[in-house]
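In: I need the structure of the sequence given here:
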Amino acid sequence: MDLHLPHSGLVDFPAQEGHSTEAINEINVEGNEIALIPESIVYFSGLTSLIVKSNLLTQLPACIGNLPNLMSLDISYNIITQLPDELAQCKRLKKLNAAANKLSHLSGTLCSSLPLEQLDVSGNALAALPEEFGALTTLVEFRANSNRWMNKRQQLDSPNLDVFLHGTAVVTLGLNLAFAASKLFRRASAVSQVSRCLS
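Out: Purely as a prediction, here's the structure:
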């Protein structure tokens, strides 16, 4: 069962209580004017996908970590300044889209705890990646263009990841892509071109 209320003029999150909420797998409230996710979100214990893109959120509640089945979270195009460490308790989270927010750093706790396969932090105010980023060995797709990177190349202590920073763009490469990607980098004029080739 899904709860889809995109572009519905909502100012409050559609919080509900009762057994019916446990059967809801996805909530989509994209394009509303919601400024707060209430603690009652925990009643949606069966939630696997939460889409709150393009709202007025400034933060995520700590109780977001009490959604044990959450696999996909889209909080892009809000004004969130940081991600709570409690999000690390979502041990099934594989896709996190936090693009176009106001993030100035990534939590090392999140990087070392989540089994992320897709991560988008483009359009924020990030200057560097935490050393724990190397623990994201399951990562397949990483987007981080339009940030404030201080270094053009950042080597992390990880046997699986090599992160290249070129201007304002970032690409992560697994070992199986390193050889092919090195050739692409020599020919490409921008990292964005490499991103398209690897996507």
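In: drop to CA atoms for contacts and neighbour counts, all remaining ones
Out: Will do.
In: in the chain, which spans are helices?
Out: 108-113, 175-187, 191-198 (DSSP state H).
In: lowest average confidence across those helices, which one?
Out: Lowest mean pLDDT of the helices of the chain: helix 175-187, a mean of 35.
In: number of nearby residues for Gly9?
Out: Close neighbours of Gly9, defined as other C-alpha atoms under 10 Å, add up to 12.
In: so who does the closest residue to it other than its chain neighbours touch?
Out: Excluding the flanking residues, the one nearest Gly9 by C-alpha to C-alpha, 6 or more residues apart in numbering is Asn32, at 5.3 Å. Each residue near Asn32 by C-alpha atoms under 8 Å, 6 or more residues apart in numbering is listed here: 6-11, 54-56.
In: can you select the buried ones from those in ChimeraX?
Out: To isolate the buried members of these in ChimeraX, using 16 or more other C-alpha atoms under 10 Å:
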select :6,10,54,55,56
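In: who's the residue nearest to the spatial centre of the chain bridged to?
Out: For the chain, the residue lying nearest the average C-alpha position, counting by C-alpha atoms, centre = their mean, turns out to be Leu96 (2.7 Å). Taking DSSP bridges as the rule, Leu96 bridges to Leu73, Leu119.
In: what pLDDT is listed against it?
Out: pLDDT for Leu96: 97.
In: buried ones in stretch 21-35, by neighbour count?
Out: In stretch 21-35, counting by 16+ other C-alpha under 10 Å, buried: 21, 24-35.
In: now stretch 46-62: buried residues?
Out: 46-61.
In: any idea how far it is from the chain center?
Out: 11 Å (C-alpha atoms, centre = their mean, to the nearest Å).
In: for stretch 8-26, same thing?
Out: With C-alpha atoms, centre = their mean, you get 22 Å for stretch 8-26.
In: next: stretch 2-10.
Out: Per C-alpha atoms, centre = their mean, the centroid offset for stretch 2-10 relative to its chain is 21 Å.
In: pLDDT below threshold where in this structure?
Out: By pLDDT under 70, the low-scoring segments of the chain are 16-20, 150-199.
In: near the closest residue to Leu139 other than its chain neighbours, how many other residues are there?
Out: Nearest residue to Leu139, sequence neighbours excluded (C-alpha to C-alpha, 6+ apart): Glu117, at 4.0 Å. Glu117 is flanked by 16 other residues according to other C-alpha under 10 Å.
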